[in-house]
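# quick one, fold the following:
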Amino acid sequence: MYGERMTMTQSIRDSVQLAFRPPLDWPALLGFVALRATPGVEAVAAGVYRRTIAIGGDTGTIEVRAAAAEPHLLMRVRLGRHERLLQVVERARRLFDLDADPGLIGGHLARSPELAPLVARRPGLRVPGAWDAFELAVRAVLGQQVTVRGATTLAGRLVRTFGTPLDPPEDGLTHLFPRPAVLADADLAPLGLPRARAATIRALAGGVARGELVLEASRGLEDAVGRLAAVPGIGAWTAHYIAMRALDEPDAFPAADLGLRRALGHGAAPLEPARVAELAEAWRPWRAYAAMHLWAGLAGEEGT
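Residues are numbered from 1 along each chain as shown. Coordinates of the predicted model:
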């Protein structure tokens, strides 16, 4: 679709309620996503999440907000065909982790002395998912060795250069995220990416475009991490991060993450990754939620 424009003149609008088991920490979920929103594809403002969507050859936008004092989110869908609505709902539920059972997960994690106060502080914390696994995987690679803000800047350049423009743009939503086939042979040098990271994105995109790399975890976490880590430039941290957010793996855990190491260091030196992994054994099978609690706790201490 690179070079084409996607015109959305004929569209159907639907409103959908997305139910969840309370509690749901919508501000925390939205705050995490807002920091990482890809310019042109996603936008977060005034408690509302919006994004462009492409599904089954159809395109449109969604807008999601909390419903005051009700156990559901409100989603407005703009899409060319009504028949795709069920798929949109399924993806939105994964994006916001609405099928999680916070009582079950929190009860397990609260047995840990390291996590008990964090769980008590944020009992409705979720693992933000992804609308599209490939999009999230590219975003994760862009985030290697740069700040979150730096990765967001790079993602915006990638979308403006290789994404499919919407015609007309919709209040800050301007593009669909680039498809794997477009990035597989793309010259990414003008984006300011290091050569090795550009090669990783091309290899990732090429594998997905050719069907050699399937971004799912039906054969378990270790298999998914192993297949991702076979892509040159994707290590254990990136593979686990993709698994926890894009592949719905609740036990994925990037043990080498500096933030997790610092959070568990309690103000002293960061723990060694091996020690972090050792502590995390007690948090199975919910280690991804443990990571979210530790990151949220660290952000709270640092006032970020």
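# tell me the SS of the residue sitting furthest away from the middle of the chain?
When distances are taken from the C-alpha mean of the chain, A268 lies farthest, 30.0 Å away, according to Cα atoms, centre = their mean. Three-state call for A268 (DSSP: H, G, I helix; E, B strand; the rest coil): coil.
# repeat that for L18.
strand.
# show me what contacts it?
V64, H72, L73, L74, M75, V89, A92, R93, F96, L98 (Cβ atoms under 8 Å, 6 or more residues apart in numbering). Glycine gets a C-beta too; all of them are placed from N, C-alpha and C.
# now swap in M75 and tell me
S15, V16, Q17, L18, I62, E63, V64, V89, A92.
# grab the nearest non-local neighbour of the fourth one.
Counting by Cβ to Cβ, 6 or more residues apart in numbering, the nearest residue to L18 once its immediate chain neighbours are dropped is L73, at 4.3 Å.
# what subset of the contacts of M75 is buried?
For these, a burial check counting by 16 or more other Cβ atoms under 10 Å picks out V16, L18, I62, E63, V64, V89, A92.
# redo the contacts of M75 as CSV? Include distance to P254 and pLDDT.
Below are the contacts of M75 laid out as CSV (distance: Cβ to Cβ, whole Å; pLDDT from 0 to 100):
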residue, distance to P254, pLDDT
S15, 37, 93
V16, 33, 95
Q17, 34, 97
L18, 28, 98
I62, 28, 97
E63, 31, 97
V64, 27, 98
V89, 29, 96
A92, 25, 98
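# want to throw these into a markdown table with distance to A189?
Shown next, in a markdown table, are the contacts of M75 (distance: Cβ to Cβ, whole Å):
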| residue | distance to A189 |
| --- | --- |
| S15 | 44 |
| V16 | 42 |
| Q17 | 46 |
| L18 | 41 |
| I62 | 33 |
| E63 | 36 |
| V64 | 36 |
| V89 | 39 |
| A92 | 35 |
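# and which of those residues is nearest to A296?
When those are compared for distance to A296 (Cβ to Cβ), V64 wins out at 20.4 Å.
# the closest one: what secondary structure?
strand.
# show me the helices in the stretch 1-150 of the chain, by range?
For the stretch 1-150 of the chain, the helices defined by DSSP state H, counting those that start in this stretch occupy 26-36, 85-95, 102-109, 116-121, 133-142, 148-162.
# out of those, indicate the one that is most buried.
helix 133-142 (a mean of 24; mean count of other Cβ atoms under 10 Å).
# which one of the contacts of M75 is nearest D171?
Nearest member of the contacts of M75 to D171, counting by Cβ to Cβ, is E63, at 9.6 Å.
# list the contacts of G103.
By Cβ under 8 Å, 6+ apart, the residues touching G103 are R21.
# tell me the pLDDT of it.
We have a pLDDT of 97 for G103.
# kindly report the same for the one 4 residues further on.
In the prediction, the pLDDT value recorded for G107 is 98.
# kindly report the same for A28.
pLDDT for A28: 96.
# is it in contact with V127, as I believe?
No - look at A28 against V127 with Cβ atoms under 8 Å: they stay out of range, at 11.1 Å.
# any idea how many residues pack against the residue nearest to L18?
22 (other Cβ atoms under 10 Å).
# partner residues bridging it?
With DSSP bridges as the criterion, L73 is bridged to L18, A66.
# how close does the nearest residue to V89 once chain neighbours are set aside get to G107?
Once flanking residues are discounted, V89 sits nearest to V16: 5.9 Å by Cβ to Cβ, 6+ apart. Per Cβ to Cβ, to the nearest Å, V16 is found 30 Å from G107.
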